[in-house]
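Asker: sequence first, predicted model second:
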Amino acid sequence: MKKNILIILTALCSFIANSEENPKFDIYGQIRTDLFYNSRENVESVDGLFYSYPKNVLPDANDSDLNDNDNSNMYLLYSRLGFNVSNIKLASANATAKVEFDFRGSGSTLSVARLRHAYLNLDWGTPSVLIGQTWHPFYGEVAPQILNLNMGSPYQPFSRAPQVRFRYKKNKLQFTATALWQSQYLSNGPDGKTNKYLKNSCVPELHIGLDYKKGSLIAGFGVDFTSLTPRTQATVGDNIYKVNERISTFSYEIHAKYTTPLWYFAAKSVLGSNLTQASMLGGYGVKSIDPITGEQKYTPNRNSSSWINAVYGNKWKVGVFMGYLKNLGTNDAVSKMYGTGVDVDQLFTGSAEITYNIPHWKIGIEYNYTSAWYGDLNNKNGKIINTNAVHNNRIVASAIFTF
């Protein structure tokens, strides 16, 4: 990762050196400390910093729940450093650039530098083109203001991805079209989480969106198309066969945000099909298998998720967040499922927080309650039946210094 960051910084410096203007550099960052406590073991990443939902009951030989254990820890992995570059031109375009990294690493490797954002944006006034890595369009400009680092996931899509983004602004409307690939946030499938499903597909993830912006109001929608190749070969008995498999899905989201000097209101709703690359629940099921070659045909698992967030205050801020997710199943009968949380019927989260905010400082505490309903797969429609609920109480305390 350190080598990749050096390559990006070298390329950026080369571009700036050949620009027609005197570039302006701005260095920014934050030092962030997070202390958390959970009353139960959870589906999570970054050693518990990125929290999703509580794990299902796992009985031992005495019928005691192996996942009924509390845990806590403190980290500074989300401290970050970034560079903004402006006052540069490329032909007739006004250009800006950004490189930002933190220290959360990737996978099971923590406390090492990780690239967050790295892009060049060319702006001609009304149209603009961004090339590089930044937020997934479904994350967009509408996200909850909460202390938990998951930013509302798995109700809120969460991902940064390599992309080419075209944006056109006219009056109060903003149109966006994006082609995306995968780097750190990956699709789930037969071989777990990996970018090879999209790489072997040779079709980037595609997104279009439209926003209405007037003063402090933003409202809009987006449509996402993802086409994956789950496998390129299958084994039947002692024979290996080349197979031609593909699962293509559409997902949709609507969002709104309104702000005043004292109030922040935001909400988003997603109808998702196989959005595991955006830290959401879902996947796809096997609906048929060729008995000779083992080639499989698939049907997507659909999930509906929504969240709402309200924050009030200036120096002292109080906020509440609520999220709900429902597994809607599949259109076809399935024999098995691939994905994330495909044994979850529904999720609910409610949280409340209070923060103290002054220039350069934010200190706060948040309480989060999450319930997950697990059950058995209904092969007829991919839904979850015979459910049982598990719960987690989570407390997060954070101190953030920004510069």
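Answerer: Everything's here; your move.
Asker: what's the closest residue to residue 264 other than its chain neighbours in contact with, if anything?
Answerer: In space, and not counting its chain neighbours, residue 264 is closest to residue 311: 4.1 Å by CB to CB, 6 or more residues apart in numbering. Any C-beta I mention is one placed from the backbone N, CA and C, and that applies to glycine too. By CB atoms under 8 Å, 6 or more residues apart in numbering, residue 311 lies in contact with 145, 263, 264, 317, 318, 319.
Asker: wait, the first one touches residue 319, no?
Answerer: In this case it means residue 145. Yes - with contacts counted by CB atoms under 8 Å, residue 145 reaches residue 319, the gap being 6.1 Å.
Asker: the two: who's more crowded?
Answerer: Using other CB atoms under 10 Å, the more surrounded residue of residue 145 and residue 319 is residue 319, with 21 against 17.
Asker: picking that back up, which SS class is the residue nearest to residue 264?
Answerer: strand (DSSP: H, G, I helix; E, B strand; the rest coil).
Asker: how near is it to residue 318?
Answerer: The spacing between residue 311 and residue 318, counted by CB to CB, to the nearest Å, is 7 Å.
Asker: repeat that for residue 345.
Answerer: 32 Å.
Asker: what of residue 158?
Answerer: Note on residue 158: its distance to residue 318, by CB to CB, is 24 Å.
Asker: again, but for residue 129
Answerer: In this view, residue 129 and residue 318 are 40 Å apart by CB to CB.
Asker: ok so, going back, please identify which of residue 345 and residue 318 sits among more neighbours.
Answerer: Using other CB under 10 Å, the more surrounded residue of residue 345 and residue 318 is residue 345, with 21 against 13.
Asker: in terms of pLDDT, where does the more buried one sit?
Answerer: Looking at residue 345, its pLDDT stands at 98.
Asker: just the element for it, please.
Answerer: Using DSSP states H and E, residue 345 sits in strand 344-358.
Asker: could you pull up the contacting residues of residue 66?
Answerer: With CB under 8 Å, 6+ apart, residue 66 has these contacts: 58, 59, 60.
Asker: then residue 194?
Answerer: For residue 194, the contacting residues are 186, 187, by CB under 8 Å, 6+ apart.
Asker: let's see that with 10 Å instead.
Answerer: By CB atoms under 10 Å, 6 or more residues apart in numbering, the contact set of residue 194 is 182, 186, 187, 188, 200.
Asker: now swap in residue 166 and tell me
Answerer: By CB under 10 Å, 6+ apart, residue 166 lies in contact with 127, 128, 129, 130, 175, 176, 177, 178, 179, 208.
Asker: can you give me the helices for this protein?
Answerer: Listed in chain order, the helices of the chain (DSSP state H) span 2-17, 196-201.
Asker: lowest-confidence stretch among those?
Answerer: helix 2-17 (a mean of 52).
Asker: double-check residue 249 against residue 223; I have them as touching.
Answerer: No - assessed by CB atoms under 10 Å, residue 249 is found out of contact with residue 223, at 11.3 Å.
Asker: which one's more surrounded, those two?
Answerer: The neighbour count for residue 249 versus residue 223, taken as other CB under 10 Å, is higher for residue 249 (21 against 15).
Asker: wait, what's in contact with the nearest residue to the more buried one once chain neighbours are set aside?
Answerer: In this structure, residue 249 finds its nearest non-sequential neighbour in residue 273, 3.8 Å apart by CB to CB, 6+ apart. Residue 273 sits next to 224-226, 247-252, 282-284, 299-303, 328, 330 when contact means CB under 10 Å, 6+ apart.
Asker: buried only: go through these for me.
Answerer: Buried members of the contacts of residue 273, counted by 16 or more other CB atoms under 10 Å: 224, 226, 247, 249, 251, 282-284, 299-303, 328, 330.
Asker: one step back: what bridges to the residue nearest to residue 264?
Answerer: Beta bridges link residue 311 to residue 264, residue 319, judged by DSSP bridges.
Asker: go on, residue 35?
Answerer: In beta-bridge terms (that is, DSSP bridges), residue 35 pairs with residue 74, residue 397.
Asker: show me what contacts it?
Answerer: Residue 35 neighbours (CB under 10 Å, 6+ apart): 72, 73, 74, 75, 365, 395, 396, 397, 398, 399.
Asker: thought the fourth one was touching residue 397?
Answerer: No - look at residue 75 against residue 397 with CB under 10 Å: they stay out of range, at 11.9 Å.
Asker: strands of the stretch 101-250 of the chain, start to end?
Answerer: Remark: strands assigned in the stretch 101-250 of the chain by DSSP state E, counting those that start in this stretch are 114-123, 127-135, 160-170, 173-180, 205-214, 217-228, 233-236, 239-242, 247-259.
Asker: could these be laid out in CSV, adding distance to residue 355 and mean pLDDT?
Answerer: Listed next are the strands of the stretch 101-250 of the chain as CSV, based on distance: least, CB to CB, whole Å; pLDDT from 0 to 100:
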stretch, distance to residue 355, mean pLDDT
strand 114-123, 22, 95
strand 127-135, 23, 98
strand 160-170, 24, 97
strand 173-180, 30, 98
strand 205-214, 27, 98
strand 217-228, 23, 98
strand 233-236, 52, 96
strand 239-242, 56, 97
strand 247-259, 16, 98
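Asker: skipping its backbone neighbours, what lies nearest residue 258 in space?
Answerer: That would be residue 265: by CB to CB, 6+ apart, it lies 4.7 Å from residue 258.
Asker: is it correct that the one you found is in contact with residue 307?
Answerer: No - in this structure, residue 265 is not within contact of residue 307 by CB under 10 Å, at 12.0 Å.
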